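Visitor: This is a predicted model, with the sequence first.
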Amino acid sequence: MRDDHHGDFQNYVTARPPAMRYFAYLSCGDWHRAEDATQIAFERLYGAWHRARRDSLDAYTRRIIVNTLINEGRRGWFRRERSAAAMPEPPPDDHAPDERLSLLEALARLPARCRATVVLRYWEDLSVAETAVVMRCSESTVKTQTARALRTLRDLLSISAEGAAR
């Protein structure tokens, strides 16, 4: 990497870890996996910096994170590894903690690609076309996965709400 590119890379990697780490957390539901995926993404981004600069850096980094989480989820040892149940930082918004935990638990029960699609569409506020680029799939696949994920989330959250009402 040329020296002038190294400075650009260093500035990007210094500024973006919190947002990318939170994106990774929402995509996988585990802070440790999110931290690892973010680190791996920045390592891979370094090697592909000359290509990534042509695209949106955030989109390119998100794509690496999604691919990393999906690939690592396929490994048997990785699925058996579990971290502590307590979240290390407080919720960033004013939603009730119980509602937030219910939503995060429901999100964690979605398949990896559906979860990534929902996070890209609704947390990162990407369009269907932008999500399709990040996920490397067609727009119709994004729409289908989003619809299935939202239906599953509604079912899971309604079951959770019914259980809390009792």
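Guide: Good, I have the coordinates.

Visitor: In this structure, spot the helix with the most residues.
Guide: Under DSSP state H, the helix in the chain containing the largest number of residues is helix 139-165.

Visitor: Centre of the chain to it, how far?
Guide: 17 Å (C-alpha atoms, centre = their mean, to the nearest Å).

Visitor: Secondary structure element holding the residue nearest to the spatial centre of the chain?
Guide: Centroid check for the chain by C-alpha atoms, centre = their mean gives S27 as the closest residue, at 2.9 Å. S27 is located in helix 17-28, with elements delineated by DSSP states H and E.

Visitor: got the contact list for that helix?
Guide: Where contact means C-beta atoms under 8 Å, 6 or more residues apart in numbering, the residues beyond helix 17-28 that reach it are 31, 33-35, 37-38, 41-42, 58, 61-62, 65-66, 69, 73, 107-108, 112, 115-116, 119, 123-124. (Each C-beta comes from the backbone N, C-alpha and C, glycine too.)

Visitor: buried sites along the longest helix of the chain?
Guide: Within helix 139-165, the residues scored as buried using 16 or more other C-beta atoms under 10 Å are T141, V142, Q145, T146, A149, L150, T152, L153, L156, L157, S160.

Visitor: thought the first one was touching V128?
Guide: Going back to what we said before, that points to T141. No: assessed by C-beta atoms under 8 Å, T141 is found out of contact with V128, at 9.9 Å.
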